[in-house]
Structure formats: C-alpha cells, structure tokens
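Novice: Predicted model, plus sequence, below.
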Amino acid sequence: MNWFNLSFVGWLVLIIALAIAAYMLHAPVVWIAICALALIGVGIITSVNHAKPRI
C-alpha cells in the first residue's frame, strides 16, 4: 500500500465519520453532500502532495 492510498483511506474514514455525525445532528442532506465533496477534493490534493516523489 503506497502513501497515496494510505492517506486517502484516512481521509475517507474521516469524511464518513463527519457525514454520519452531521446526519445524526439533523443537518440537511444537501449540505452534507456538498461538504463531503469538498473534503474529498481536499483529501485528493493532500494525498497527491504527500505521495509525490521528492527530487
């Protein structure tokens, strides 16, 4: 398992936990989806930055 996969799996676990917590607090589903998509984007960006080979 490379660093990208490990970092991205961590982000996915965090996003799922936050989405479940927001749902339990009766947040609108549309806002949960918007925030989840934004966090997935941030997760991809940070995972790629951590996985880049250093020259």
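Specialist: Alright, I've got the coordinates.
Novice: how about low-confidence regions in the protein?
Specialist: 1, 52-55 (pLDDT under 70).
Novice: can you list contacts of the strand or helix carrying I44?
Specialist: Taking DSSP states H and E as the definition, I44 sits inside helix 29-51. With contact meaning Cβ atoms under 8 Å, 6 or more residues apart in numbering, helix 29-51 is reached by 2-4, 7-8, 11-12, 14-15, 18-19, 22-23. For glycine as for every other residue, the C-beta is placed from the backbone atoms N, C-alpha and C.
Novice: same question, stretch 3-21
Specialist: 32, 35-36, 39-40, 42-44, 46-48, 50-51.
Novice: coming back round to it: now, of the contacts of helix 29-51, which are buried?
Specialist: S7, F8, W11, I15, A19, A22 (16 or more other Cβ atoms under 10 Å).
Novice: Export these as JSON lines, with columns for secondary structure and distance to P28.
Specialist: Formatted as JSON lines, these follow (DSSP: H, G, I helix; E, B strand; the rest coil; distance: Cβ to Cβ, whole Å):
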{"residue": "S7", "secondary structure": "helix", "distance to P28": "29"}
{"residue": "F8", "secondary structure": "helix", "distance to P28": "27"}
{"residue": "W11", "secondary structure": "helix", "distance to P28": "23"}
{"residue": "I15", "secondary structure": "helix", "distance to P28": "17"}
{"residue": "A19", "secondary structure": "helix", "distance to P28": "12"}
{"residue": "A22", "secondary structure": "helix", "distance to P28": "9"}
